[in-house]
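J.: Need the 3D shape of this:
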Amino acid sequence: MNEREFESVKEDEGHWVAVSDLMAGLMMVFMLVSVVFMINVETERDKIRDVAILYDQLRTQLYRDLNNEFAADMPRWGAELDEDLSFRFNNTDVLFDRGEADIKPEFQAILNDFFPRYVRIITQEPYREDILEVRIEGHTSTSWFGAKDEDEAYIRNMDLSQQRTRSTLEYVLELPAVKDSKNWLKNYLTANGLSSAKVIRDAAGVEDGERSRRVEFRVRTDAEGRIATILDRVQP
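T.: As a prediction, this is how the structure comes out:
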């Protein structure tokens, strides 16, 4: 090998050494970034778990408080409380006349008793700051007398369920016993007519038309919103 060839080989070796050093450096940077990202993901995952535990405990305690308050009343009201915090009024004979949206006097009497006590519980610490929404939900069966098909029945029931929830919201909002909580209620209380979207079915999957026609008061907490905020922070 002559001197010129020797110098060329030395230059090539120097070039590949420099490239290999650069690649090694980039690999180290990538590994460090990956480690930091994994640590952040693990930290945020722990936060999500902590939020989920906190809100599960909150839901459980609120369920207990509501159940303790209303356990003696629910049988005579034709009502039930689910662990998902849905307070369901099932006795269609006392809610509304068939096809009508005006609250019957029997249901007015129930709301006069129920709603102020309900508001007192959900607005106390530690619940009020973690409530996202208090929903009044109107539900119907799938039937509508005289409807030409299922679509027409659904639309007519949607209109009826929305009217009923608005009537219910208007009535409870004007109760003198909740006057001091009215501003809070106007921020969180909503009316939601759902037509026959969530009918009640028996164990065989057959629709229970009577129980499907109901009014529910449902509390939604802010757990989903807080978890979504955490997830947004860890998106790559």
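J.: How far does stretch 117-129 stretch from one end to the other?
T.: 18 Å (C-alpha to C-alpha, to the nearest Å).
J.: Buried residues, that stretch. List them.
T.: Applying a neighbour-count criterion of 16 or more other C-beta atoms under 10 Å, one finds 118-119, 122-123, 127 buried in stretch 117-129. C-betas here are computed from N, CA, C, even on glycine.
J.: Okay, and which of the residues you listed map to strands?
T.: Applying DSSP state E to these, no entry is found in strands.
J.: Need those in a markdown table (columns: distance to Ala197).
T.: Converted to a markdown table, these look like this (distance: C-beta to C-beta, whole Å):
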| residue | distance to Ala197 |
| --- | --- |
| Tyr118 | 24 |
| Val119 | 27 |
| Ile122 | 25 |
| Thr123 | 29 |
| Tyr127 | 28 |
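J.: Relative to Lys148, which of those is nearest.
T.: Distance to Lys148, by C-beta to C-beta, is smallest for Tyr118 among the buried residues of stretch 117-129, at 40.1 Å.
J.: Quick one: end-to-end distance for stretch 99-108.
T.: End-to-end for stretch 99-108, by C-alpha to C-alpha: 18 Å.
J.: Using CSV, please lay out the buried residues of stretch 117-129 together with pLDDT and distance to Met28.
T.: Converted to CSV, those look like this (pLDDT from 0 to 100; distance: C-beta to C-beta, whole Å):
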residue, pLDDT, distance to Met28
Tyr118, 97, 60
Val119, 97, 60
Ile122, 94, 54
Thr123, 93, 55
Tyr127, 86, 50
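J.: ok, of those residues, which one's closest to Asn67?
T.: Asn67 lies nearest to Tyr118 out of these, by C-beta to C-beta, at 12.1 Å.
J.: so where do the helices sit in this structure?
T.: Under the criterion DSSP state H, helices of the chain are mapped to 3-70, 74-77, 92-95, 105-122, 150-173, 182-188, 209-212, 223-233.
J.: How much space separates Lys104 from Ala203?
T.: Spatial separation of Lys104 from Ala203 under the definition C-beta to C-beta, to the nearest Å is 31 Å.
J.: Between those two, which is the more surrounded one?
T.: Lys104 (14 against 5; other C-beta atoms under 10 Å).
J.: in terms of contact, does the more buried one touch Asp97 like I think?
T.: Yes. The pair Lys104 / Asp97 is scored as a contact, 6.6 Å apart, by C-beta atoms under 8 Å.
J.: Low-confidence stretches in this protein?
T.: Residues of the chain that meet the criterion pLDDT under 70 lie in 1-26, 29-55, 223-236.
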